[in-house]
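Trainee: sequence and predicted structure below; questions after.
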Amino acid sequence: MEGRLFINGEWKKSDSGSFDVFDPATGEKVGTAVNGGKSETKEAIDAAHRAFKPWAEKTAGERSEYLKKIYRIMMEKQDELGELITKEMGKPLKEAKGEVAYAASFLEWFAEEGKRVYGEMIPASSREKRLMVIRQPVGVVGAITPWNFPLAMITRKVAPALAAGCPIIVKPAEDTPFSAIRFAEICEEAGLPEGVFNLVTGEASEIGGEMMSNRKVSKMTFTGSTEVGKILMKQASDQVKKLSLELGGHAPIIVLDDADINKAVQGTIASKFRNAGQTCVCGNRIYVQEGIYDDFVEEFKKEVSKLKVGNGFEEGVDVGPLINQDGYEKVDRHVQDAAKQGAEIVCGGSGYEENGSYFYKPTVLKNITHDMVVMNEETFGPVAPIQKISSDEEGIRLANDSVYGLAGYFFTENLSRGMKVAEALEYGIVGWNDGVPSAAQAPFGGMKESGIGREGGHQGIDAFLETKYISMGV
Ligand code: ADP
């Protein structure tokens, strides 16, 4: 595949060179993408800036039609898009097709939600005044996205931005530019006016630097590591640029002793091993109450041992490769540290390299203590460390003892007990007997160092709107 940039409704190459993209399951080259930089980003920002007024002046209903069209094309091409995601990112094909439907669902949701950007009338303190509040698009948006959901992390930003009336420039991750390019082709096919959606692949810090320093960009939205999020936050301070951040997570899973063991095991597997553990909402550390601990570990091990590792294109594969060598080394470091400090490897515990690709066996660890690295850093791999707890309070205390606050999970069949846990968890997303809570119609985002703002839900469009108060004398 040959990469291209999509700027002002035109496909472009660049003089600034190229970079190769590899299939993480085979090490084979998928294609060559364009190494865009500062000047291409500036060009895209200028195009988006020109597109802003006409796009914002369209009615919400008119914008909605474009979004619905993009949605329909994505769903028509679900299989093909899924195959592309598996090829450049490695997740099992079934999951990749699921991602396409999830990605498309943001277009459908915000096509409707854009019609409900309501203002308000406020009772005035005098008969000679009328107080009004209107909400207007914030302006040109810059978006930077990660590789773990090559399509969905783009649409979760593009759909609300476009619905609100904001043109956008997207910089996808280096590992997965082709899903983004395919999405740009779909925007073109849907007839989106020029400059409304722009795509620049290439040098992260150059593209990001231009987006952050260019005054024509009013808003930045980012999904990625907390480390890079902090860099962007510093850069944003120069111009008080509006910023939404979806950053790292370190999700706890608490299994209380009255949990339905089947629900708890299946929910934990869904949360933990989806995308080979490479999502920011994947369960990272598991706390199981002593009354159910032995049964849970036994049942969990039985089910985890059934998971098949391999190339995501192979029938029946549940866990694909890790994205790259760095990812693999981090996972192994966490497992080795735990083992050295006395953890017992219940199953898995090692990985293997095949033709330059890195796979890790689904791993369950027990006899875990709170000071192990795996309980304190995001692993981003298929490793499930299980620590024994004695009470709800201990579970909540350990779960909240983190700088992260994205997703937290717990399993209990007891309503009042569960409600107290749900309220006590310092997490933006809580899964109660549910390991996969994400949905286009629900707000997604983190507390603490996991981010700022929410994506999805009716809240998701707020990030792309300014509130204007108009006081009128009559
Ligand atoms: P991950 O660990 O998921 O790769 P990163 O935060 O490194 O997370 O990457 C997420 C996105 O941020 C990618 O598109 C990457 O290219 C981009 N990125 C990395 N460094 C910077 C930077 N200094 N400025 C702007 N974007 C960056």
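Mentor: All right, it came through fine.

Trainee: which is the succeeding secondary structure element to the strand or helix carrying Glu95?
Mentor: Assessed by DSSP states H and E, Glu95 sits inside helix 93-113. Downstream of helix 93-113, the next assigned helix or strand under DSSP H and E is strand 120-122.

Trainee: show me what from the protein comes close to the ligand.
Mentor: Within reach of the ligand by CB under 6 Å from any ligand atom, the chain has these residues: 144-146, 171, 173-174, 204-205, 208, 224-225, 228, 231. Yep, even glycine has a C-beta here, placed from its N, CA and C like the rest.

Trainee: for the helix or strand containing Lys301, which positions count as buried?
Mentor: Counting by DSSP H and E, the element that carries Lys301 is helix 290-304. Neighbour counts over helix 290-304 (16 or more other CB atoms under 10 Å) mark 292-293, 296-297, 299-301, 303-304 as buried.

Trainee: pLDDT averaged over it - what is it?
Mentor: Averaging pLDDT along helix 290-304 yields 98.

Trainee: returning to what we had before: would you turn the residues of the chain next to the ligand into TSV with neighbour count?
Mentor: Below are the residues of the chain next to the ligand laid out as TSV (neighbours: other CB atoms under 10 Å):
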residue	neighbour count
Ile144	24
Thr145	27
Pro146	22
Lys171	28
Ala173	23
Glu174	16
Ala204	14
Ser205	12
Gly208	20
Gly224	21
Ser225	15
Val228	19
Ile231	15
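
Trainee: with the residues you listed in mind, which one is nearest to Asp434?
Mentor: Pro146 (23.4 Å; CB to CB).

Trainee: so the closest one sits right up against Gly229, yeah?
Mentor: No. Contact status for Pro146 versus Gly229: not in contact, 11.0 Å apart, counting by CB atoms under 8 Å.

Trainee: got the residues of the chain next to the ligand as CSV, with secondary structure and pLDDT columns?
Mentor: Putting the residues of the chain next to the ligand into CSV (DSSP: H, G, I helix; E, B strand; the rest coil; pLDDT from 0 to 100) gives the following:
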residue, secondary structure, pLDDT
Ile144, strand, 99
Thr145, coil, 98
Pro146, coil, 98
Lys171, strand, 98
Ala173, coil, 98
Glu174, coil, 97
Ala204, helix, 98
Ser205, helix, 97
Gly208, helix, 98
Gly224, coil, 98
Ser225, coil, 97
Val228, helix, 98
Ile231, helix, 98
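
Trainee: and the gap between the residue nearest to Asp318 when sequence neighbours are not counted and Gln387?
Mentor: Counting by CB to CB, 6 or more residues apart in numbering, Asp318 lies nearest to Leu307, which is 4.3 Å off, once chain neighbours are set aside. Distance of Leu307 to Gln387, given as CB to CB, to the nearest Å: 22 Å.

Trainee: okay, those two: which has more neighbours?
Mentor: Using other CB atoms under 10 Å as the criterion, Leu307 and Gln387 rank with Gln387 on top: 23 against 18.

Trainee: excluding chain neighbours, what is closest to the more buried one?
Mentor: Spatial nearest neighbour of Gln387, excluding adjacent residues (CB to CB, 6+ apart): Ile368 at 4.2 Å.

Trainee: touching, the one you found and Ile389? I think so.
Mentor: No. Here Ile368 does not reach Ile389: they are 10.7 Å apart, not a contact under CB under 8 Å.

Trainee: now do the strands in the stretch 101-250 of the chain.
Mentor: 120-122, 129-137, 140-144, 168-171, 197-199, 217-223, 242-246 (DSSP state E, counting those that start in this stretch).

Trainee: mind listing what's buried along the helix holding Glu95?
Mentor: So helix 93-113, judged by 16+ other CB under 10 Å, has buried residues 93, 95-100, 102-111, 113.

Trainee: what is that helix packed up against?
Mentor: Contact here means 3 or more CB pairs under 8 Å, 6 or more residues apart in numbering; DSSP states H and E; on that basis helix 93-113 packs against helix 60-76, helix 78-89, helix 152-164.

Trainee: between helix 78-89 and the longest one, find me the angle.
Mentor: Read it as helix 60-76. Counting by axes from the mean of the first three to the mean of the last three CA atoms, to 10 degrees, helix 60-76 points 80 degrees away from the direction of helix 78-89.

Trainee: also the last one?
Mentor: When the same axes, to 10 degrees is applied, the directions of helix 152-164 and helix 78-89 differ by 120 degrees.

Trainee: so which residue is dead centre in the chain?
Mentor: When CA atoms, centre = their mean is applied to the chain, the residue found nearest the centroid is Met153 (5.1 Å).

Trainee: what's near enough to touch the nearest residue to that residue once chain neighbours are set aside?
Mentor: Of all residues not flanking Met153 in the chain, Thr145 sits nearest, at 4.2 Å (CB to CB, 6+ apart). By CB atoms under 8 Å, 6 or more residues apart in numbering, the contact set of Thr145 is 153-154, 157, 170-173, 180, 222-224.

Trainee: likewise for Ala143?
Mentor: Contacts of Ala143 (CB under 8 Å, 6+ apart): 154, 157-158, 161, 168-171, 220-222.

Trainee: low-confidence bits of the protein, can you list those?
Mentor: Applying pLDDT under 70 to the chain picks out no residues at all.

Trainee: tell me the helices in it, going along the chain?
Mentor: Along the chain, the segments classed as helices by DSSP state H run 38-57, 60-76, 78-89, 93-113, 152-164, 177-189, 204-213, 226-237, 261-273, 290-304, 325-340, 392-400, 415-424.

Trainee: export those helices to TSV and tack on distance to Met375?
Mentor: As requested, the helices of the chain are exported to TSV (distance: least, CB to CB, whole Å):
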stretch	distance to Met375
helix 38-57	40
helix 60-76	39
helix 78-89	27
helix 93-113	26
helix 152-164	27
helix 177-189	33
helix 204-213	30
helix 226-237	17
helix 261-273	14
helix 290-304	16
helix 325-340	8
helix 392-400	8
helix 415-424	19
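
Trainee: winner for burial among those?
Mentor: Highest mean neighbour count among the helices of the chain (mean count of other CB atoms under 10 Å): helix 152-164, with a mean of 28.

Trainee: check the offset of that one from the chain's centre.
Mentor: Counting by CA atoms, centre = their mean, to the nearest Å, helix 152-164 is centred 12 Å from the centre of its parent chain.

Trainee: what's the answer for stretch 201-210, then?
Mentor: Its chain's C-alpha centre and that of stretch 201-210 lie 20 Å apart, by CA atoms, centre = their mean.

Trainee: need the residues that contact that stretch.
Mentor: Here stretch 201-210 makes contact (CB under 8 Å, 6+ apart) with 3, 5, 14, 16, 19, 33-38, 40-42, 45, 142, 144, 171-172, 174, 177, 180-181, 200, 231-232, 235.

Trainee: the same query, at a cut-off of 6 Å, please.
Mentor: 3, 33-38, 41-42, 144, 171, 177, 200 (CB atoms under 6 Å, 6 or more residues apart in numbering).

Trainee: ok, stretch 398-407 next?
Mentor: 249-252, 280-281, 287, 408, 426-429, 446-450.

Trainee: which ones are touching the closest residue to the ligand within the stretch 351-474 of the chain?
Mentor: Closest contact between the stretch 351-474 of the chain and the ligand, by CB to the nearest ligand atom, is at Phe380 (7.6 Å). Residues near Phe380 by CB under 6 Å, 6+ apart: Gln278.
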